[in-house]
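Peer 1: Okay, sequence plus prediction incoming.
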Amino acid sequence: MFNFPLQFQFKISTLSNDFRATDANGQLIAYVRQKMFKFKEDIQIYSDEERVNLIYRIKANKWIDFNTMYSFYNELDEEQGSIGRKGWASLWKATYEIFDPQRKQDFLIKEENAWAKVLDGLLGEIPILSFLTGYLFNPKYIVTRPDGQEVVRIAKEPSFFGRNFTITKLGDISEEEEVELLLGLMMMILLERRRG
């Protein structure tokens, strides 16, 4: 079981879209690596920053597309679940579904305030104001079960570069669900950072 709250901290010194996932004690849970300029996503998740011990992969089912599904695989290449955008609902307000290996929906991720991203995108184009948007507009996402029970919240922390995200636990989650949920949130954050 993970010790919440968890942190995702993006590295700004690499050409890849890398980030560290740590627990409440600052212990490394995973090191996530997304290679840039790939047509078909293949995210590697390691247990160490040296990228020696590969523990999970997230692979796209097709080339970059609005309706792409991203499946989670363990080190034995066994599917652990998947995540996908929820159709047209994601155009205005980011909405994702996380599924178990049998394609049964376990979780729903919804952006809490779509205006934060809109204002961040608009003001981010103004040269002087672009430095302040990372402090003013910080998106938050709520994760629920299909029945509406809240499970976790993920929020971008105020910063110049939008590098830190905090995951706070709101409800009970099994150990197996925690892994599925964490992999889904990792992919969702990579996709949302690409959107702006």
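Peer 2: All right, it came through fine.
Peer 1: Tell me which residues of stretch 7-21 come out buried.
Peer 2: Within stretch 7-21, the residues that count as buried by 16 or more other C-beta atoms under 10 Å are Gln7, Phe8, Gln9, Phe10, Asn17, Asp18, Phe19, Arg20, Ala21. All C-beta atoms are positioned from the backbone trio N, CA, C, and that covers glycine.
Peer 1: where in this structure is pLDDT low?
Peer 2: By pLDDT under 70, the low-scoring segments of the chain are 13-15, 37-39, 63-66, 87-92, 114-137, 159-162, 194-196.
Peer 1: With secondary structure added, can I get the buried residues of stretch 7-21 in CSV?
Peer 2: Compiled in CSV, the buried residues of stretch 7-21 are given as follows (DSSP: H, G, I helix; E, B strand; the rest coil):
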residue, secondary structure
Gln7, strand
Phe8, strand
Gln9, strand
Phe10, strand
Asn17, coil
Asp18, coil
Phe19, strand
Arg20, strand
Ala21, strand
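Peer 1: now, which of the residues you listed sits nearest Lys156?
Peer 2: Phe8 (9.4 Å; C-beta to C-beta).
Peer 1: Against Ile109, how distant is the closest one?
Peer 2: In this view, Phe8 and Ile109 are 14 Å apart by C-beta to C-beta, to the nearest Å.
Peer 1: before we move on, what about Phe4?
Peer 2: Using C-beta to C-beta, one obtains 17 Å as the distance from Phe4 to Ile109.
Peer 1: So between the two, which is more surrounded?
Peer 2: For Phe4 versus Ile109, neighbours defined as other C-beta atoms under 10 Å are more numerous around Ile109 (24 against 15).
Peer 1: in a helix, that's where that one is, yeah?
Peer 2: No - secondary structure of Ile109 (three-state DSSP): strand, not part of a helix.
Peer 1: ok, and the closest non-adjacent residue to it?
Peer 2: With C-beta to C-beta, 6 or more residues apart in numbering as the criterion, Ile109 has its nearest non-adjacent residue at 4.2 Å, and that residue is Tyr96.
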